[in-house]
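Visitor: from the sequence below, what's the structure:
(one chain, ligands or ions: 1)
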Amino acid sequence: MSGSTSLPPRAESRGCPPSRPDRRQRRSERIRRTRRRLRSWYARHARDLPWRRTRDPWAVWVSEVMLQQTQVATVVPYFERFMKRFADVPALARAPLDDVLKCWEGLGYYGRARNLHKAAKVVVDAGAIASIAFGCDEPVLDGNVTRVLCRVFRVRTAPKETATQKTLWSLARDLMPRGRAGEFNQALMDLGATVCTSRRPACPRCPLRGVCLARARGEETSLPVRTPRRPVPHWDVAVAVIRKRGRILIARRKPEGLLGGLWEFPGGKRRRNESLETCVVREVREELGLEVRIRRALVTARHAYTHFRVTLHAFECDHVSGRPRPLAADAWTWVRPDDLDDYAFPGGSRKIIDALRSASTPPAASRRRK
Ligand code: SF4
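Guide: Coordinates of the predicted model:
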């Protein structure tokens, strides 16, 4: 386990390029040693995670879907709540989508919940599910595994490129010990999550430090090669808080597309050169066929989603005319303020609800005087 075992001598160091058999031999040797060291490390350091305490394919499926783009620590409480509420596939299939989204609220990437609910063939990471749940020899290539492989084997092209993907899949497949894929995949994922982390890889305590090419060349933090980030768009969104007999009007977004199936206050994106006031009146008309008049500005909330940011401007509005019709929405309902928590809202709308609540709650001192 100490990195003392030396690799076969490098042909380049003697002044001539390595021959093909040499390169193949070195690759196989590195694969063999990586596999052995990783397995021995995992036997001592495997993380205790709720989905690892079972072989139930349903639990494995849910965990793999939730873990897409989301960190383990964030997923754990959601997973436990979700499994308690939907103990098996039929339980989820029977539930209304609203309940599923409510359980998912805050975890983001709501398409995952919708697809899971449909029980369609959305197996987000078929390899992990097959290997962990059914013991199949299928490799996994999530973000953590990609990072480890790029470093250990010094892959110097962007992981998203097709050719790099091919290389990484081939490495992951060659590394996998036959019949032990599930455990091995989890070991690789754990190593990436706890030791070979993105910004500060803990090389001195890494079981692969003796075989890792990035470590040998001091390139551990420059690999994997990063693809430049695109600027995150920002939108101003104006929404209406319309009250009637103590209830507030909310609308459900159409199921397909961004934040599909979630509830929100009616409204939408401000157009170029449009005032927020004009925007909210127009949006409510287009979305629900209602005419409203602005009474006052209520609150402004900023929220960052993964691929965009919004500033939400909420206006209290009076209903002037018309009956709600779901023109650019999936459904609408009038709801008591206390019942808003029964509906799944995106993070931005949730901030408006919190702000409305704190605005209507008298300060503690004045409550005490009453
Ligand atoms: S030695 Fe460092 S860079 Fe290489 S796999 Fe281990 S933690 Fe990652």
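Visitor: mean confidence for stretch 34-47?
Guide: Mean pLDDT, stretch 34-47: 90.
Visitor: buried residues in that stretch, which are they?
Guide: Thr34, Arg35, Arg37, Leu38, Trp41, Tyr42 (16 or more other Cβ atoms under 10 Å). For every residue, glycine as well, the C-beta is placed using N, CA and C.
Visitor: who touches it?
Guide: Identification of contacts with stretch 34-47 by Cβ atoms under 8 Å, 6 or more residues apart in numbering yields 1, 52, 72, 152, 175-177, 180, 183-184, 186-188, 190-191, 193-194, 207-208, 210-211.
Visitor: now the buried members of those.
Guide: For the contacts of stretch 34-47, a burial check counting by 16+ other Cβ under 10 Å picks out 52, 72, 152, 175-176, 183-184, 186-188, 190-191, 193, 207-208, 210-211.
Visitor: near the ligand, from the residues you listed?
Guide: By Cβ under 6 Å from any ligand atom, the members of the buried ones among the contacts of stretch 34-47 lying near the ligand are Val152, Leu208.
Visitor: what's near enough to touch Asp341?
Guide: Asp341 neighbours (Cβ under 8 Å, 6+ apart): none.
Visitor: need the pLDDT of it.
Guide: Here, the pLDDT recorded for Asp341 equals 90.
Visitor: and the gap between it and the ligand?
Guide: For Asp341, the distance to the ligand (Cβ to the nearest ligand atom, to the nearest Å) stands at 43 Å.
Visitor: sorry, back to before: narrow the buried ones among the contacts of stretch 34-47 to those in helices?
Guide: Val72, Val152, Leu175, Glu183, Phe184, Gln186, Ala187, Leu188, Asp190, Leu191, Ala193 (DSSP state H).
Visitor: what does Glu291 show for phi and psi?
Guide: Glu291 has phi and psi values of phi -100, psi 130 when expressed as degrees, to the nearest 10.
Visitor: try Arg293
Guide: Taking degrees, to the nearest 10 as the convention, Arg293 sits at phi -130, psi 140.
Visitor: what is the end-to-end distance of stretch 271-280?
Guide: 11 Å (Cα to Cα, to the nearest Å).
Visitor: so what's Arg293 up against?
Guide: Taking Cβ under 8 Å, 6+ apart, we find Arg293 in contact with Val281, Cys317, Asp318, Val320.
Visitor: which one of the residues you listed is nearest to Lys351?
Guide: Relative to Lys351, the closest of the contacts of Arg293 is Cys317; by Cβ to Cβ it sits at 18.8 Å.
Visitor: wait, is the closest one part of a strand?
Guide: Yes: using DSSP: H, G, I helix; E, B strand; the rest coil, the assignment for Cys317 is a strand.
Visitor: burial measure for it, as a count.
Guide: By other Cβ atoms under 10 Å, 27 other residues sit near Cys317.
Visitor: using JSON lines, lay out the ones in helices among the buried ones among the contacts of stretch 34-47 together with pLDDT and distance to Leu259.
Guide: As requested, those are exported to JSON lines (pLDDT from 0 to 100; distance: Cβ to Cβ, whole Å):
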{"residue": "Val72", "pLDDT": "89", "distance to Leu259": "24"}
{"residue": "Val152", "pLDDT": "96", "distance to Leu259": "39"}
{"residue": "Leu175", "pLDDT": "90", "distance to Leu259": "38"}
{"residue": "Glu183", "pLDDT": "84", "distance to Leu259": "37"}
{"residue": "Phe184", "pLDDT": "88", "distance to Leu259": "37"}
{"residue": "Gln186", "pLDDT": "87", "distance to Leu259": "32"}
{"residue": "Ala187", "pLDDT": "92", "distance to Leu259": "36"}
{"residue": "Leu188", "pLDDT": "92", "distance to Leu259": "33"}
{"residue": "Asp190", "pLDDT": "91", "distance to Leu259": "32"}
{"residue": "Leu191", "pLDDT": "94", "distance to Leu259": "34"}
{"residue": "Ala193", "pLDDT": "90", "distance to Leu259": "28"}
